[in-house]
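Asker: Give me a model of this one.
(one chain, ligands or ions: 2)
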Amino acid sequence: MPRTVLPDARRSPRFSGIATFMRYPRLADVLPENLPLDWAIYGVPFDSGVTYRPGARFGPRSIRDESQYIKRFHLGHNVDVCDRLSIADAGDAPVSPFSIASTLDLIDDFTSELGDPVRTRLMAVGGDHSIAYANIRAAFARAGEPRGGLALVHFDSHLDTVDVVWGERFSHASPFRRAIEEGLVDPKRMLSIGIKGPLNSAEDLAFARGAGVTILTPDDLMRTPTIGPGATERTPYGLRLSEVGAFVRRVGEAPAYVTFDVDVVDPAFAPGTGTPSIGGLTSAQALELIRELRGINLVGADVVEVLPDRDVSGITALLAAQVMFELLALDAVSRR
Ligand code: MN
Ligand code: MN
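Answerer: Numbers count the residues shown, from 1 in each chain. Ligands and ions are numbered 1, 2, ... in the order given. Okay, here's the model as predicted:
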């Protein structure tokens, strides 16, 4: 008996019915034998935290639509995600489009009721990156408020550690500043992958570096010695992953959270986002990096910043859906 019951695609086509994430059951439709739930996935249709182009409020709807063709078996990890995990689409969190603070509180209230308070992990689908703060706070509580905070793997073109923008402390430029300050995240076990310029100033780096965040730029990931012991370290997609592997070993069994801002991927592959940044990862490299996280103890995640109105043929929303599946597969393979 699979833990997540999907409609049989050979009887009810993938283009029919109500579009939930990856065709996972709605939370209300999960069978009693498949409780407690392992993952509750919920949308947060909110973009009032952006500092540039709005529109990510339509992200969850677009990702649900594009996710219908994401299947259940992960080839690389050799695992059937739906056999291993009980997953549901919990719908959308309520939002307050005129207020970031109210929305973060609404997300708290919403997540406090989702699934089993200990067993069920939360995946938030944005929406802009400001909503990550609320989901990290919820994941921290569910993980038993680990001393020092959660380990965090952060995929982004931007550090998102700005203190204040336009008088606002909780915009999409600041979620990790707040999470670090409040002890929800341990900056010494935080890895920011894909960060690149241009920045507003050198000051943007100071807080993260000072706090001990490990920062890997695309150059760090792709630069390879042409001679010597590092020369053969590159993967088929051209990445040098030794520092990612070292991070995974260093984090060990500690509860870890993954936050994925789609603007980490180059706009050639992910044009549908509000603050695009040239010179990013390819979509294949992003997936390879996530797969390299195999072994971490994933206790929560978010995928954010899909802006459908700037998207081209759903490519960015489809990438976001695939990333969600990759994250679930990381958990599935570690529970074998
Ligand atoms: Mn970003
Ligand atoms: Mn971000």
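Asker: can you tell me which residues contact Val162?
Answerer: 171, 173-174, 177, 200, 204 (C-beta atoms under 8 Å, 6 or more residues apart in numbering). In this view, the C-beta of every residue, glycine as well, is placed from N, C-alpha and C.
Asker: element containing it?
Answerer: Using DSSP states H and E, Val162 falls within no helix or strand.
Asker: Roughly how far does it sit from Ser130?
Answerer: Per C-beta to C-beta, to the nearest Å, Val162 is found 12 Å from Ser130.
Asker: Write out the residues of the stretch 101-250 of the chain neighbouring ligand 2.
Answerer: 129, 156, 158, 160 (C-beta under 5 Å from the ion).
Asker: Present these as CSV; the columns should include distance to ligand 1 and neighbour count.
Answerer: Below are these laid out as CSV (distance: C-beta to the ion, whole Å; neighbours: other C-beta atoms under 10 Å):
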residue, distance to ligand 1, neighbour count
His129, 6, 30
Asp156, 4, 25
His158, 4, 25
Asp160, 7, 26
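Asker: Which of these fall in helices?
Answerer: Using DSSP state H, no member of those falls in helices.
Asker: pLDDT and distance to Val79 added to those, as CSV?
Answerer: Listed next are those as CSV, based on pLDDT from 0 to 100; distance: C-beta to C-beta, whole Å:
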residue, pLDDT, distance to Val79
His129, 98, 29
Asp156, 98, 27
His158, 97, 32
Asp160, 97, 31
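Asker: Closest one of the contacts of Val162 to ligand 1?
Answerer: Ala173 (8.9 Å; C-beta to the ion).
Asker: show me what contacts that closest one?
Answerer: Contacts of Ala173 (C-beta under 8 Å, 6+ apart): 51, 158, 160, 162, 165.
Asker: Recalculate using a threshold of 7 Å.
Answerer: Shown in contact with Ala173 (C-beta atoms under 7 Å, 6 or more residues apart in numbering): 51, 160, 162, 165.
Asker: give me phi/psi at Val299?
Answerer: phi -120, psi 0 (degrees, to the nearest 10).
Asker: what do you get for Ser334?
Answerer: The phi/psi pair for Ser334 (degrees, to the nearest 10) is phi -80, psi -10.
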